[in-house]
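Colleague: Next one to model:
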Amino acid sequence: MTSSAELPNKRMASAGFREWLLALGISLATALLVTAPFFRLGNASGHDIAFHASSWLDVAGQWREGIFFPRWTEWANHGFGEPRFIFYPPLSWMLGAALSFVVPWNAVPEVFIVIAQTLAGLCSFALARRFLPRNAALFGAACYAANPYAFLIVYMRSDFAEQLACALMPLVLLTALELCGLVENRHGSVARAMALFAMAFAAVWLSNAPAGVLASYSVALIFAWAALAEKSLRPLWRGAGGLALGFGLTSFYLLPAAYEQRWVNIVQALSSGLQPSDNFLYTMTNDPEHNVFNWIASSVAVVLMVMTGIAGIAAHRVIVLEEQRSERRNLWRVLMLLSAAAAILMIRPSSIFWEHLPKLRFLQFPWRWMAILAVPYAYFSATAMVRKRMRWIWFVVLLVAVSGTATLLVKKAWWDSDDIPSLQQAIANDQGFEGTDEYDPVNEDHTNLPGKAPRVQVLPAEASGGSAPKAEVRIERWTAEEKVVRVTSREPLRVGLRLLDYPAWRAEVNGKAVTPQHAETNGEMILTPAPGTQRIAVRFVRTADRTLGGAISLISMLTLLALLNAGGLRLLSASP
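Modeller: Numbering: from 1, shown residues only. Predicted coordinates:
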């Protein structure tokens with residue numbers, strides 16, 4: 001029998017569930033509108049479509065081989081491979097690969113976008129509903145799911161990893177605000193607030209590394225602001241604890257990615273055209289194509305800045321007129337601070353920060369700060385809708401700006417549905433796809449690798465100087481992480497494998513470890529078995545940095561569970 005005291009709680013829970021269901025519906029509908037051009041024009045073929053689609057294809061293939069968590073990209077560099085999955089965060093390529101088992105390959109990009117933008121709307125609703133009425137928060141969810149920067153990513157960049165990370169940004173900011181005490185902590189304890197922040201923060205890093213850098217600097221700014229506002233070091237200590245736990249959760253990926261940079265040409269990520277100095281707003285270079293895109297990205301950034309500024313002023317007016325409580329004023333100040341920081345870091349006078357702040361230059365493109373600016377834009381837009389007098393005016397202004405931006409980007413985008421089928425065909429033909437400059441093993445040039453090479457090639461012995469001897473070659477096993485070959489020859493020889501030499505590969509001949517050689521110009525792995533029948537086995541092994549990273553993540557996960565269990569976990573409240 002239900003007591004009278006339980007009835008109000010059940011009604012509140014039911015109302016909260018209906019609100020979240022409505023937020024899901026609006027976010028999903030908005031995401032479908034964002035992808036509407038895909039139904040008529042095919043897939044948007046942005047700058048990074050080949051990189052992400054090839055990763056999805058490679059991961060899906062390795063899953064079929066029984067490799068659950070890939071670390072080596074088998075088909076990169078035309079089958080010679082590369083350590084892409086050591087350095088690139090896993091959430092986006094695992095989600096893309098998983099979708100391929102549910103929908104046709106050509107539909108994967110569109111479904112990925114719908115999922116990411118629906119998630120973006122829900123995260124924005126979680127932030128806005130804490131402080132605003134339901135309808136305003138729902139409007140904010142739609143604004144964030146269809147913000148101008150999202151259009152730039154969807155139609156012209158095809159950076160699915162960054163898109164997924166951007167979807168989580170409102171949640172990162174909300175949990176950071178709760179952790180440092182600028183807004184009410186509704187989770188009952190600092191321990192649970194720290195755990196929830198760490199999960200959101202880690203999820204961003206595990207989606208996209210540049211977005212992780214953005215999130216790190218943004219929350220650091222929030223914690224510093226809270227310490228100044230409260231004249232206390234407590235927000236800094238809480239923030240440091242949350243960041244430490246978040247980085248601990250990502251250590252299985254982040255520690256190997258940081259340590260093994262010495263094994264690859266990671267500086268190629270900052271080659272000509274990819275440096276911050278080449279990509280400040282409206283910067284012109286000697287590359288006409290670069291200039292066209294940078295002009296488009298810069299214009300989108302200006303639109304977003306102007307709209308955020310106008311909405312911020314309107315939101316402040318709402319706070320003043322309705323005498324909102326102090327935590328809403330705190331939120332407005334923090335979001336204005338982040339907006340100002342993001343705007344400043346997109347223009348050239350901020351170059352001193354890009355040169356000296358750790359890892360900031362690896363963002364490459366200053367206009368990426370739109371990922372942070374979009375959160376205040378959506379929240380302020382939602383707040384502006386609270387005032388009845390300006391509600392319809394602001395709605396029309398916003399609709400014109402967003403529709404105009406989307407129309408421009410749809411017209412400027414390149415639409416092509418052959419990207420994924422072409423990659424599939426290349427893999428089916430045993431040719432693979434092009435590699436990535438920054439993941440090329442150090443002192444080697446993947447551009448010298450042949451586009452079509454046999455898996456095993458018999459080469460003459462170094463001292464012979466003649467032609468390759470006759471040999472019988474039998475491939476016993478050939479997967480992404482294991483190559484087993486049996487070679488029989490009466491003469492000395494060398495065996496070249498279609499594989500790049502990398503420290504994580506362990507080579508054995510008849511069960512004994514050997515040190516492989518590699519070609520001088522392209523890094524192909526070469527072994528020198530003795531005459532006779534020799535069994536060559538090369539396996540991708542777990543290096544010490546990966547073991548240590550996994551151990552730290554395990555300890556961090558146990559810590560996280562302990563914090564969540566401290567008094568019981570309560571879900572985010574939908575009530576303002």
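Colleague: and the helix or strand containing Ala202, what other elements does it pack with?
Modeller: Assigned by DSSP states H and E, Ala202 belongs to helix 190-205. When contacts are defined as 3 or more Cβ pairs under 8 Å, 6 or more residues apart in numbering; DSSP states H and E, helix 190-205 sits against helix 160-180, helix 209-230, helix 234-249, helix 544-564. For every residue, glycine as well, the C-beta is placed using N, CA and C.
Colleague: Please write out the alpha-carbon positions of the third one in PDB.
Modeller: Right, helix 234-249. This file holds the C-alpha atoms of helix 234-249, laid out as PDB (Å, rounded to 0.1, in the frame of the first residue of the first chain):
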ATOM      1  CA  ARG A 234      38.800  24.700  -1.700                       C
ATOM      2  CA  PRO A 235      37.500  24.900  -5.300                       C
ATOM      3  CA  LEU A 236      41.000  24.400  -6.600                       C
ATOM      4  CA  TRP A 237      41.600  21.300  -4.400                       C
ATOM      5  CA  ARG A 238      38.200  19.900  -5.500                       C
ATOM      6  CA  GLY A 239      38.900  20.600  -9.100                       C
ATOM      7  CA  ALA A 240      42.400  19.100  -8.900                       C
ATOM      8  CA  GLY A 241      40.900  15.900  -7.400                       C
ATOM      9  CA  GLY A 242      38.200  15.700 -10.100                       C
ATOM     10  CA  LEU A 243      40.800  16.300 -12.900                       C
ATOM     11  CA  ALA A 244      43.200  13.700 -11.400                       C
ATOM     12  CA  LEU A 245      40.400  11.100 -11.300                       C
ATOM     13  CA  GLY A 246      39.300  12.000 -14.800                       C
ATOM     14  CA  PHE A 247      42.800  11.700 -16.200                       C
ATOM     15  CA  GLY A 248      43.200   8.400 -14.200                       C
ATOM     16  CA  LEU A 249      40.100   7.000 -15.900                       C
END
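Colleague: Show me what counts as buried in that helix.
Modeller: If you call a residue buried by 16 or more other Cβ atoms under 10 Å, then helix 234-249 has these buried ones: Pro235, Arg238, Gly239, Gly241, Gly242, Leu243, Leu245, Gly246, Phe247, Gly248, Leu249.
Colleague: Quick one: distance of the biggest helix by length in the chain to the chain centre.
Modeller: For the chain, the helix with the greatest residue count under DSSP state H is helix 288-322. Relative to its parent chain, helix 288-322 has a centroid offset of 23 Å by Cα atoms, centre = their mean, to the nearest Å.
Colleague: cool, and stretch 117-125?
Modeller: On Cα atoms, centre = their mean, the centre of stretch 117-125 falls 16 Å from that of its chain.
Colleague: can you check stretch 63-81 too?
Modeller: That offset, for stretch 63-81, works out to 20 Å (Cα atoms, centre = their mean).
Colleague: Neighbours of the closest residue in space to Phe69 that isn't next to it in sequence, how many?
Modeller: Spatially, and ignoring its direct neighbours in sequence, Phe69 is nearest to Pro90 (7.3 Å; Cβ to Cβ, 6 or more residues apart in numbering). By the criterion of other Cβ atoms under 10 Å, Pro90 has 19 neighbours.
Colleague: Can you verify my assumption that Pro90 contacts Tyr253?
Modeller: Yes - in this structure Pro90 lies within contact range of Tyr253 using Cβ atoms under 8 Å: 6.2 Å.
Colleague: got a list of what Ala44 touches?
Modeller: Listed by Cβ atoms under 8 Å, 6 or more residues apart in numbering, the contact set of Ala44 reads Pro37, Phe38, Pro109, Val154, Tyr155, Met156, Ser158, Ala413, Trp414, Trp415.
Colleague: Need phi/psi at the most far-flung residue of the chain relative to its centre.
Modeller: No residue in the chain sits farther from the centre than Arg490, which is 51.9 Å out by Cα atoms, centre = their mean. Here is the backbone geometry of Arg490 (degrees, to the nearest 10): phi -90, psi -10.
Colleague: Distance of it relative to Val172?
Modeller: 64 Å (Cβ to Cβ, to the nearest Å).
Colleague: Would you mind listing the residues in contact with the nearest residue to Ala195 once chain neighbours are set aside?
Modeller: Leaving aside its chain neighbours, Ala195 sits nearest to Leu563 (3.9 Å; criterion: Cβ to Cβ, 6+ apart). With contact set as Cβ under 8 Å, 6+ apart, Leu563 has these partners: Ala191, Arg192, Met194, Ala195, Leu245.
Colleague: Let's see that with 10 Å instead.
Modeller: Applying Cβ atoms under 10 Å, 6 or more residues apart in numbering to Leu563 gives the contacts Ser189, Val190, Ala191, Arg192, Ala193, Met194, Ala195, Leu196, Ala198, Gly241, Leu245, Leu569.
Colleague: Distance-wise, check the residue nearest to the second one when sequence neighbours are not counted relative to Glu230.
Modeller: Pointing back at Val190 there. Distances taken as Cβ to Cβ, 6+ apart put Arg238 closest to Val190, at 6.3 Å, once the chain neighbours are dropped. Using Cβ to Cβ, Arg238 is found at 11 Å from Glu230.
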